[in-house]
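>>> what follows is a predicted structure for the sequence shown.
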Amino acid sequence: MNLTTTYMGMTLKNPIVSSASPLSKKLDNIRKLEDTGAAAVVMESLFEEEINRESRQLDSFLSLGEGAEALSYFPDLETFNVGPDEYLKSISVAKKAVNIPIIGSLNGVSTGGWTDYAQKIQQAGADALELNIYYLPTDPNMTSTIVEQMYLDVVRDVKKSITIPVAVKVSPFFSALANMAHRLTAAGANGLVIFNRFYQPDFDLEKLEVVPNLMLSTSFEMRLPLRWVAILYGRVPVDFAITRGVHTYEDVLKGVMAGAKVTMMTSELLQNGIGRVGEILADLTKWMEQHEYDSIEQMQGSMSQKNVAEPAAFERANYMKVLKSWG
């Protein structure tokens, strides 16, 4: 049974990748991920705020809030993550310890120090780089054109500074997502990771405070990226990764059939352990044998919009059908 796939020019032994998460903080976890079958590991993100923590740029940003109170919205940047230098070291150590690809991850929104650290991540040995451009435009005067250009500028600047493949982890909130996917690809993206999760704060009614509230994903959340990968496959010349709601072998199969080269998971591994990768691969292989599939490549894109009998099911016709199906 041939489970191999290719992603941004890298040949992977199967389509399961460990997405950016705290799991990659420990070298032992990365080794366990390789041992249990993960095809690649995306390192935990290095945040723009960490790169700029001692710079005037961060001080200026924080000053937009109300003095010391604004600082409470940020973690203690000295202990929040490993820090830029330690981050680069962790990539180098991981590359020497395992044989699977190691993908660096940068999280931010401005070009700033990204290009410099993109180069350093490449020099540390990363096989590829994932850009998680996490931005929430709250200014009523900021147009969609400005926001989109910010994304494109980051991709172009980073791509010019390094030679390893670059993936962009994007949001589903663009008004013309297909066009944005096309423009990001034209800007140099080798892969599009569909989609990042915008973590929503909650209210503490007793303390009257805004508090962080982390909710791990469920398989249901895969519906949105599944739909968009199926729509974009064959239309935008880029490798797709699905990274939301991947928990089971069925989720992996659906992602591949939609057109994804890889499916990325974290929540399932945090909830049920790193060993779940091996279990999912075993179930995946069993299903393929039962349904007489010889390879992952054979099924890639088979359920995409361009390959199904009713392509309109991915668009408005499906919306109407669902609404009329109740009762």
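Right, received. Where do you want to start?
>>> now the element after the helix or strand bottoming out on mean pLDDT in the chain, going C-ward?
Within the chain, no helix or strand scores below helix 68-71, which has a mean of 42 by mean pLDDT, DSSP states H and E. From helix 68-71 onward toward the C-terminus, using DSSP states H and E, the following helix or strand is helix 84-97.
>>> what's the model's confidence in that next one, averaged?
Mean pLDDT, helix 84-97: 95.
>>> give me the residues contacting it.
For helix 84-97, contacts defined as Cβ atoms under 8 Å, 6 or more residues apart in numbering pick out 24-25, 27, 30-31, 41, 43, 46, 50-51, 81-82, 102, 104, 117, 120-121, 123-127. For every residue, glycine as well, the C-beta is placed using N, CA and C.
>>> among those, the buried ones, what's the ChimeraX command?
When burial is assessed using 16 or more other Cβ atoms under 10 Å, the buried subset of the contacts of helix 84-97 is captured in ChimeraX by this command:
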select :24,30,41,43,46,50,51,81,82,102,104,117,120,121,124,125,126,127
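>>> could you pull out the helices for the stretch 1-150 of the chain?
Secondary structure of the stretch 1-150 of the chain (DSSP state H, counting those that start in this stretch): helices located at 27-36, 48-51, 56-62, 68-71, 84-97, 114-123, 144-161.
>>> Ile296: which of the ones you listed is closest?
Ile296 sits nearest to helix 27-36 of all these, at 18.1 Å, using Cβ to Cβ.
>>> give me the low-pLDDT residue ranges for the stretch 1-150 of the chain?
52-83, 111-113 (pLDDT under 70).
>>> hmm, try it at 50
Residue ranges of the stretch 1-150 of the chain with pLDDT under 50: 54-81.
>>> tell me the spacing between Lys95 and Glu86.
As judged by Cβ to Cβ, to the nearest Å, Lys95 and Glu86 stand 15 Å apart.
>>> compare those two (neighbour count), which wins?
A side-by-side neighbour count of Lys95 and Glu86, using other Cβ atoms under 10 Å, places Lys95 first with 17 against 11.
>>> state the distance from that one to Glu34.
Using Cβ to Cβ, which is the criterion applied here, Lys95 is 12 Å from Glu34.
>>> mind listing the shared neighbours of those two?
With Cβ under 8 Å, 6+ apart applied, the contact sets of Lys95 and Glu34 do not overlap.
>>> what segments of the stretch 201-327 of the chain are strands?
202-204, 209-211, 239-242, 262-265 (DSSP state E, counting those that start in this stretch).
>>> from those, which stretch is densest packed?
Counting by mean count of other Cβ atoms under 10 Å, strand 262-265 has the highest mean neighbour count of the strands of the stretch 201-327 of the chain, with a mean of 28.
>>> now do the phi/psi pair for Val170.
Summarising the backbone geometry of Val170 under the convention degrees, to the nearest 10, its torsions are phi -110, psi 160.
>>> mind pulling up the pLDDT for it?
93.
>>> surely it and Leu192 touch.
Yes - Val170 sits in contact with Leu192 when judged by Cβ atoms under 8 Å, with a separation of 6.0 Å.
>>> quickly list what's touching both of these two.
Shared contacts of Val170 and Leu192, counting by Cβ under 8 Å, 6+ apart, come down to Ala181, Leu184.
>>> report how many residues lie close to Ser295.
Considering only other Cβ under 10 Å, Ser295 is surrounded by 13 other residues.
>>> and Ala187, which of the strands of the stretch 201-327 of the chain is closest to it?
Go through the strands of the stretch 201-327 of the chain one by one with Cβ to Cβ and the one that ends up closest to Ala187 is strand 239-242, at 15.1 Å.
>>> pick the most buried one from the helices of the stretch 1-150 of the chain.
helix 48-51 (a mean of 22).
>>> dump the residue contacts of the residue lying closest to Lys254 once chain neighbours are set aside.
Taking Cβ to Cβ, 6 or more residues apart in numbering, and ignoring the residues beside it in sequence, Lys254 has Leu226 as its nearest neighbour in space, at 5.8 Å. For Leu226, the contacting residues are Ile242, Lys254, Gly255, Ala258, taking Cβ under 8 Å, 6+ apart as the criterion.
>>> any idea how far Leu232 is from Asn196?
In this structure, Leu232 and Asn196 are separated by 16 Å, where distance is defined by Cβ to Cβ.
>>> also Ser267?
From Ser267 over to Asn196 the distance is 13 Å, taken as Cβ to Cβ.
>>> now Arg276
With distances defined as Cβ to Cβ, the gap from Arg276 to Asn196 amounts to 22 Å.
>>> what does Val41 give?
Val41 is 17 Å from Asn196, where distance means Cβ to Cβ.
>>> any idea how far Val166 lies from Phe314?
Val166 sits 28 Å away from Phe314, going by Cβ to Cβ.
>>> skipping adjacent residues, who's closest to Tyr293 in space?
Take Tyr293 and drop its neighbours on the chain: the residue closest to it by Cβ to Cβ, 6+ apart is Met299, 5.7 Å away.
>>> quick one: contacts for the closest residue to Ser217 other than its chain neighbours?
Excluding the flanking residues, the one nearest Ser217 by Cβ to Cβ, 6+ apart is Ser267, at 4.4 Å. Neighbour list for Ser267: Leu216, Ser217, Thr218, His247 [criterion: Cβ under 8 Å, 6+ apart].
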